[in-house]
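*Asks:* Sequence first, predicted model second:
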Amino acid sequence: MVAANEAAAGAAGQREPRLLYSYLKRNANACAGTTTATTSTHIDWDVPLGASMADGSFPAKYNFSLPGQTPTCSDFVVYGLNTAGTTGGQPNLVGETNLYSGGSTIYSGLCNVNAGVAQKLYGFGATVYAATVKFAYNGSTTAVAGTIGNSISMSLDGLHVAYMESNSTTGLSAFHVVPTTPGTGGPGVLAWSTSGTVLATAVAPPSITTVPSSGSWSAADSYSSIWVDYTNDLAYVGTDNGVLHKIQNVFCSTVACKASPVAPSEVTTSPWPLTLSGAGALTSPVEDAKGVIYVAGANGYLYAVSSAGVLLNKSNQAFTAGSIVDGPILDVDNSGTTQALYWFSSSSPALPNPQMVQTGSTLNIASGNTFSLLLNAPAGQNSWGGTTNMHSGTFDNGFYTARNGNMWACGWYQDTIYGSNGNQQGIVRFGINGTTVTEDTSKVYATISPEYLASTVNECAPLSEVLDSAGVDHLFVSNQDGLPLATGSCIANAACVAGFTIGSSGSPATWSLTNTGSYNLASSHNNSAPYNASTSGIVVDNTVDPTSKTCGTGTQTCGQTASMYFNYGVDAIKLTQSALQ
C-alpha cells in the first residue's frame with residue numbers, strides 16, 4: 001500500500017497501520033545520520049534453515065527503526081518454509097534473532113558480544129558472528145500435514161505470527177496463530193554439521209490456534225497470504241476453491257478482546273465465508289482504507305468485495321487463467337480513497353505478453369491501461385512464448401512522496417541472437433503522475449539475466465525499494481540465472497542479488513539505474529540451489545547510521561543494523577548494503 005504524503009498517512013493510517021508505517025519510515029530518514037556511500041554489498045551471515053521458502057513469499061521482521069526507536073538484539077526475523085514440519089526433525093517455522101551480527105571483530109556488529117553469536121559455520125572456514133535460533137517450530141498439524149507456502153503475518157507487538165498451512169496433495173488448508181516465544185521444549189536446533197549437512201531438531205510451539213475449529217478447510221491455499229486488518233483485528237485469506245475467508249480476533253488486540261480474551265475464529269454469519277463462483281485459487285487479498293477487499297482468481301478475473309461480504313465489482317474481462325499470482329499494489333489518496341490498483345500478469349487474451357495493468361476500484365480493464373513488460377518485440381509478433389510467474393514491481397521515492405515518480409518492474413526485451421525467440425530479463429520503467437501512466441519503451445534500464453530461449457525464461461523475485469538517510473533511492477532484485485556478465489561478486493550466468501540506485505537528471509527527467517553492489521548467490525554455503533534459484537522476497541530493515549553509538553554502549557556502535565534479509569536455497573542470508581546509512 002502507498003501513503004503518498006503525511007495527509008494520506010494520517011487519514012488512512014487510522015485504519016491501516018502499514019500506511020502510517022510507510023510514511024514514518026521515510027520521514028525517519030531525514031533524522032538519520034549520513035555517511036559516504038560505497039559500492040559493495042557483502043554477506044554478514046548465512047545460517048541454515050534446512051528447507052526453502054515458497055516462490056514469491058517474504059520473511060517477516062520485528063521490529064524496524066522508527067522515530068523514537070532503535071534496533072535491539074532482541075529484534076528477529078521469521079521464515080515460513082515450504083515443507084511439512086516434523087517434531088524432532090525439520091522445522092517449517094523458524095525465528096532468527098541477534099540479527100545485527102557479523103564482521104570480523106567483536107565490536108563490528110551490535111550483537112556480536114552476545115552469547116552464541118560467535119559460531120563455526122560450514123563453508124566459512126572460521127568462526128564468524130551470526131544470528132542465533134530464537135525458535136525452530138514444527139508448524140504443521142496432524143489434520144493438514146502441510147507446508148507454509150505463502151508469506152506470514154506478524155502481530156504489531158511481535159508476540160504472535162499468523163500463517164496458512166496447506167497440503168496440495170490432499171487439498172486441505174488451515175489458518176494458524178502461534179506465539180513467537182520458545183516453549184517448554186526450548187527453541188529447537190538448526191545448525192551446520194562439520195560436513196555441511198543441516199542438523200535440525202524442531203520442537204512443537206508452546207501453543208497453536210487453528211481455524212477452522214474442525215482442523216482444516218477442504219481446499220489447499222496455493223497463492224494467498226493472509227491480509228490483517230490490524231485496527232479491527234480481522235484477517236482475510238483465500239483458498240483454491242474460490243472461497244474468501246474472514247477471521248476475527250486474530251491477535252486479540254482490540255480493547256474488547258483484551259478485556260475478555262477469545263481465540264481466533266472464522267466469521268460464519270452469511271455471506272461469510274464468501275464463495276466467488278468460478279474464481280478458483282485466489283491470490284492474496286488486499287484491503288483498502290474504506291474496507292474494500294481486492295483479490296484475483298485463477299480464472300483471470302479481478303474481484304472487489306466489501307467487508308460485509310458483498311461482491312461490489314468484477315472485472316469486465318479476464319486475464320489468461322493462472323497468470324496472476326500476487327495480490328495488487330494499492331494506491332490511496334489523501335482522504336484514504338483508492339485511486340488505482342496495479343496488477344501483474346504473465347499473459348492475457350488481448351496481450352499474450354507479461355504485463356502491468358492499472359485499474360480503478362471498478363476493475364475496468366481496457367487497452368489504455370494495459371502496459372507490456374516485453375519491449376522491442378519484432379514487428380508483427382505479440383507473443384513471447386515463455387511462461388513464468390510475474391511478481392509485483394515497486395514504486396520509487398518520487399511516487400511515494402509526491403505521487404509523481406515511477407513504477408519499476410522486471411520485464412523482458414527481445415533481441416536477434418535467437419531470432420524472434422530470444423529474450424533477456426531486465427528492469428523496466430513506467431512513469432506515473434497521479435494516475436497517469438507513461439510507458440517507457442525506450443530501453444531496459446538494467447539487464448539482469450543471460451539470454452534465454454523463450455521456452456526457458458525464468459522469473460524475478462519481487463522487487464524491493466528503500467530510501468536511505470542520504471536521500472538516495474535504492475532498488476534490489478534477484479533472479480534465477482543472474483547477470484549476463486560478471487559484476488561485483490557475481491559470476492556470469494549464476495544466481496545473483498543486485499542493488500541499484502535510482503537517479504534522474506534534467507527536465508523532463510532522464511532516468512537511470514546504477515549498479516551499486518551485488519552478491520553471488522552461487523557462493524552461498526549450501527548445495528541445494530547453487531546456480532538456478534532466485535531468492536525469496538527481500539526485507540530491507542533500518543536506515544540507521546552504522547557508525548552511530550545510539551544503539552550500543554561504550555565502544556559498541558550500530559554496526560550491522562542497516563541490512564536486508566532473504567532466503568536462498570536452504571539458507572537464511574543477511575547482507576549489509578553500505579549505502580543504506
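*Replies:* Sure, I can see it.

*Asks:* just the helices in the stretch 201-350 of the chain please.
*Replies:* All helices of the stretch 201-350 of the chain, identified by DSSP state H, counting those that start in this stretch, fall at 255-259.

*Asks:* so where's it uncertain?
*Replies:* Applying pLDDT under 70 to the stretch 201-350 of the chain picks out no residues at all.

*Asks:* Any stretches of the stretch 1-150 of the chain with poor pLDDT?
*Replies:* In the stretch 1-150 of the chain (pLDDT under 70), the answer is 1-42, 65-69, 122-125.

*Asks:* what about 50?
*Replies:* Within the stretch 1-150 of the chain, the stretches with pLDDT under 50 are 3-12, 14, 21, 29-40.

*Asks:* Show me where it has its helices.
*Replies:* Assigned by DSSP H, counting those that start in this stretch, the stretch 1-150 of the chain shows helices spanning 6-13, 17-29.

*Asks:* got a list of what Ala461 touches?
*Replies:* 56, 391, 477-479, 534-538, 566 (Cβ atoms under 8 Å, 6 or more residues apart in numbering). Glycine gets a C-beta too; all of them are placed from N, C-alpha and C.

*Asks:* Distance check, it against Thr194.
*Replies:* As judged by Cβ to Cβ, to the nearest Å, Ala461 and Thr194 stand 32 Å apart.

*Asks:* can you check Ile432 too?
*Replies:* From Ile432 to Thr194 the distance is 53 Å (Cβ to Cβ).

*Asks:* Mind checking which of those two has more residues around it?
*Replies:* The neighbour comparison of Ile432 against Thr194 (other Cβ atoms under 10 Å) goes to Ile432, with 22 against 7.

*Asks:* For that one, give the beta-bridge partners.
*Replies:* Under DSSP bridges, the beta-bridge partners of Ile432 are Gly405, Val437.

*Asks:* In contact with it: list those residues for me.
*Replies:* Contact partners of Ile432, counting by Cβ under 8 Å, 6+ apart, are 395, 399, 403-407, 438.

*Asks:* ok so, going back, please flag which of the contacts of Ala461 sit within strands.
*Replies:* 477-479, 566 (DSSP state E).

*Asks:* hang on, the earlier thing: how about the contacts of Ala461 in a markdown table, adding neighbour count and distance to Ala296?
*Replies:* What follows is the contacts of Ala461, written out as a markdown table (neighbours: other Cβ atoms under 10 Å; distance: Cβ to Cβ, whole Å):
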| residue | neighbour count | distance to Ala296 |
| --- | --- | --- |
| Gly56 | 24 | 14 |
| His391 | 19 | 13 |
| Val477 | 29 | 23 |
| Ser478 | 26 | 24 |
| Asn479 | 23 | 23 |
| Ser534 | 26 | 22 |
| Thr535 | 30 | 24 |
| Ser536 | 27 | 21 |
| Gly537 | 22 | 18 |
| Ile538 | 24 | 23 |
| Phe566 | 27 | 25 |
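
*Asks:* quick one, strands of the stretch 201-350 of the chain?
*Replies:* Secondary structure of the stretch 201-350 of the chain by DSSP state E, counting those that start in this stretch: the strands cover 209-211, 227-229, 234-238, 243-248, 265-266, 274-275, 286-287, 292-296, 302-306, 311-314, 329-332, 338-345.

*Asks:* Give me whichever of these is most buried.
*Replies:* strand 234-238 (a mean of 27; mean count of other Cβ atoms under 10 Å).

*Asks:* now the angle from that strand to strand 243-248?
*Replies:* Going by axes from the mean of the first three to the mean of the last three Cα atoms, to 10 degrees, strand 234-238 is angled at 160 degrees with respect to strand 243-248.

*Asks:* Strand 234-238 packs against which elements?
*Replies:* Applying 3 or more Cβ pairs under 8 Å, 6 or more residues apart in numbering; DSSP states H and E, one finds that strand 234-238 makes contact with strand 227-229, strand 243-248.

*Asks:* TSV for those strands, including distance to Thr269?
*Replies:* Shown next, in TSV, are the helices and strands packed on strand 234-238 (distance: least, Cβ to Cβ, whole Å):
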stretch	distance to Thr269
strand 227-229	17
strand 243-248	9
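
*Asks:* buried set for the helix or strand Ser166 falls within?
*Replies:* In this assignment (DSSP states H and E), Ser166 forms part of strand 160-167. Going by neighbour count (16 or more other Cβ atoms under 10 Å), the buried part of strand 160-167 is 160-167.

*Asks:* Just name the closest of these to Thr184, please.
*Replies:* His160 (17.8 Å; Cβ to Cβ).

*Asks:* gap between the closest one and Pro264?
*Replies:* 10 Å.

*Asks:* Report the set of residues contacting both of the two.
*Replies:* With Cβ under 8 Å, 6+ apart, His160 and Pro264 have common neighbours 177, 251.

*Asks:* sorry, back to before: helices and strands around the helix or strand just after the strand holding Ser166, which ones?
*Replies:* Elements were assigned by DSSP H and E; along the chain past strand 160-167, the next helix or strand is strand 172-179. Applying 3+ Cβ pairs under 8 Å, 6+ apart, we find strand 172-179 packed against strand 160-167, strand 209-211.

*Asks:* Now the element after strand 172-179, going C-ward?
*Replies:* strand 189-192.

*Asks:* so how far is that following strand off the chain centroid?
*Replies:* Strand 189-192 sits 25 Å away from the centroid of its parent chain (Cα atoms, centre = their mean, to the nearest Å).

*Asks:* cool, stretch 209-219 as well?
*Replies:* Worked out by Cα atoms, centre = their mean, stretch 209-219 lies 26 Å from the chain centre.

*Asks:* Tabulate the helices and strands packed on strand 172-179 in CSV, adding columns for distance to Val295.
*Replies:* Output for these, formatted as CSV (distance: least, Cβ to Cβ, whole Å):
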stretch, distance to Val295
strand 160-167, 14
strand 209-211, 19
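
*Asks:* Minimum distance to Trp343: which of those has it?
*Replies:* strand 160-167 (21.6 Å).

*Asks:* What's the mean pLDDT across that closest one?
*Replies:* Averaged over strand 160-167, pLDDT sits at 98.

*Asks:* do the same with stretch 517-524
*Replies:* Here the average pLDDT along stretch 517-524 is 69.

*Asks:* So what does Trp84 have for phi and psi?
*Replies:* Quick fix: residue 84 is Ala, not Trp. Backbone geometry at Ala84, expressed as degrees, to the nearest 10, gives phi -70, psi 140.

*Asks:* give me every residue that touches the nearest residue to it once chain neighbours are set aside.
*Replies:* Excluding the flanking residues, the one nearest Ala84 by Cβ to Cβ, 6 or more residues apart in numbering is Ser140, at 5.0 Å. By Cβ under 8 Å, 6+ apart, the residues touching Ser140 are 84-86, 92, 146-147, 165.

*Asks:* Could you save these as a markdown table and add columns showing distance to Leu302?
*Replies:* Shown next, in a markdown table, are the contacts of Ser140 (distance: Cβ to Cβ, whole Å):
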| residue | distance to Leu302 |
| --- | --- |
| Ala84 | 33 |
| Gly85 | 34 |
| Thr86 | 39 |
| Asn92 | 31 |
| Gly146 | 27 |
| Thr147 | 27 |
| Glu165 | 27 |
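
*Asks:* Cheers, nothing more for now.
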